[in-house]
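Undergrad: A structural model of the following input is requested.
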Amino acid sequence: MIEALTLYCVPGVGPGRFKKLVDHFGSPAGALTGDGEEFATAADRRAEKARRDAAPKRRARQLLRRCTEAGIGILVYGSDEYPGRLGNLDHPPAVLFTLGRTELLHGPCVAVVGSRRATAYGRRVSRALGARLVEQGRCVVSGMAMGVDAEAHRGALPGPTAAVLGSGVDIPSPASNTKLYREIRKHGVIVSEFEPGAHAEPHHFPRRNRIIAALASDVVIVEASGRSGALITADHALELGREVHAVPGPIDRATSQGTNRLIAQGAAIVTDTNLKGDSFTVESAPREPELRDLLAAVPAAPVTVEEVAEAAGRAADEVGASLMILEIRGYVISTRDGRVMRTPGGRPVMVREGAA
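TA: Model (predicted):
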């Protein structure tokens with residue numbers, strides 16, 4: 001452990017370089033004693049020089065003593081205890097600090113995240129999803145923020161739940177969630193890549209969000225504005241090949257802008273908190289009879305709205321709103337010339353904004 005923390009404390013060795021060094025030399029100890037030229041190639045000359053100083057080892061001993069006294073666990077990249085799913089990241093945390101049941105990080109996990117300014121609807125759905133996921137034997141991962149995150153944790157408790165913080169694991173963040181923090185620490189696990197004593201900073205949260213996405217097999221966005229941090233988690237999930245799901249909301253509400261856009265781009269829609277099966281499932285057809293009948297009239301090739309209406313035996317001015325709902329849910333897509341067609345494969349492939 002001391003070798004790993006020493007490498008972690010070498011100036012210039014961040015998460016990406018730590019991974020590169022451990023992968024190259026086989027272990028932190030190997031990196032500290034390995035060939036200088038190879039070390040400099042994997043990191044840089046400054047870091048290679050710094051590894052030979054006494055300061056990194058001295059700081060590592062202080063950090064280890066502090067964690068030991070506080071009962072804080074340390075998981076190091078490359079060790080058997082380190083959550084394997086985090087290794088999918090380009091820059092996985094070099095060190096993960098933990099409090100609680102670290103074994104939960106190796107089991108089935110689903111992330112539930114969303115707006116800090118959640119509506120009553122969003123809070124209710126988040127809590128219900130947290131409870132249902134635990135019933136299915138999954139650990140609920142979130143960021144313990146106000147709103148959606150906190151309610152997902154509350155729904156999961158006293159079952160397994162993991163809170164990934166933007167502060168050190170010994171500092172409840174936000175402080176208003178201290179009671180929730182204690183319950184999660186008791187029944188679940190608190191996780192952070194930031195050292196004990198570190199206070200939450202704005203630039204910490206994008207780093208925290210990548211961990212949330214990597215720990216989970218599926219990520220559910222309950223409510224999110226158009227610029228919500230939860231959308232960063234969704235982006236990370238997509239890059240990692242995780243499944244992204246979104247809960248639909250009213251089109252005139254700010255907290256629904258992000259989730260409805262995700263659905264329009266291809267996120268799996270969550271239409272029922274009574275989840276079934278080994279993973280989230282996407283309905284092959286809408287549950288509403290009128291929408292299901294209309295979808296049956298939409299072919300896999302582009303047609304006009306009038307042609308859909310004729311095939312469905314309905315007036316053209318009656319089907320427009322229903323086709324919009326089907327498009328938002330991902331069952332149909334519109335072409336540039338205004339025609340519609342059934343989505344290939346049942347729903348579109350998720351495409352992030354700016355992608356081709």
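Undergrad: residue boundaries of the strands in the stretch 1-150 of the chain?
TA: 73-76, 95-100, 109-113, 139-142 (DSSP state E, counting those that start in this stretch).
Undergrad: Can you add mean pLDDT, distance to residue 232 and mean neighbour count and give the ones you listed back as a markdown table?
TA: Every C-beta, even on glycine, is put in place using the N, C-alpha and C of the backbone. Output for those, formatted as a markdown table (pLDDT from 0 to 100; distance: least, CB to CB, whole Å; neighbours: other CB atoms under 10 Å):
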| stretch | mean pLDDT | distance to residue 232 | mean neighbour count |
| --- | --- | --- | --- |
| strand 73-76 | 96 | 23 | 20 |
| strand 95-100 | 97 | 20 | 23 |
| strand 109-113 | 95 | 10 | 30 |
| strand 139-142 | 97 | 14 | 30 |
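Undergrad: closest one to residue 317 among these?
TA: Proximity to residue 317, assessed across these by CB to CB, is greatest for strand 109-113 (39.6 Å).
Undergrad: Relative to that closest one, what are the paired strands and their orientations?
TA: Strand 109-113 has the following strand partners under DSSP bridges: strand 139-142 (parallel), strand 218-221 (parallel).
Undergrad: residue ranges with poor pLDDT in the protein?
TA: Where the chain drops to pLDDT under 70, the residues are 273-285, 287, 300, 329-330, 336, 343-356.
Undergrad: now the helices: where do they sit in the stretch 201-350 of the chain?
TA: Using DSSP state H, counting those that start in this stretch, the helices of the stretch 201-350 of the chain run over 204-215, 229-239, 254-265, 289-296, 305-312, 316-328.
Undergrad: What is the fourth one packed up against?
TA: Right, the one you point to is helix 289-296. The contact analysis (3 or more CB pairs under 8 Å, 6 or more residues apart in numbering; DSSP states H and E) places helix 289-296 against helix 305-312, helix 316-328.
Undergrad: Would you mind pulling the contact partners of that helix?
TA: If you take CB atoms under 8 Å, 6 or more residues apart in numbering as the criterion, helix 289-296 is touched by 285-286, 308, 312, 314, 319, 322-323, 325-326, 331-332, 342.
Undergrad: likewise the first one?
TA: Where contact means CB under 8 Å, 6+ apart, the residues beyond helix 204-215 that reach it are 83, 85-86, 88-89, 92-93, 105, 109, 111, 113, 141-143, 162, 164-167, 191-194, 198, 219, 229-230, 232-234, 236-237, 240, 242.
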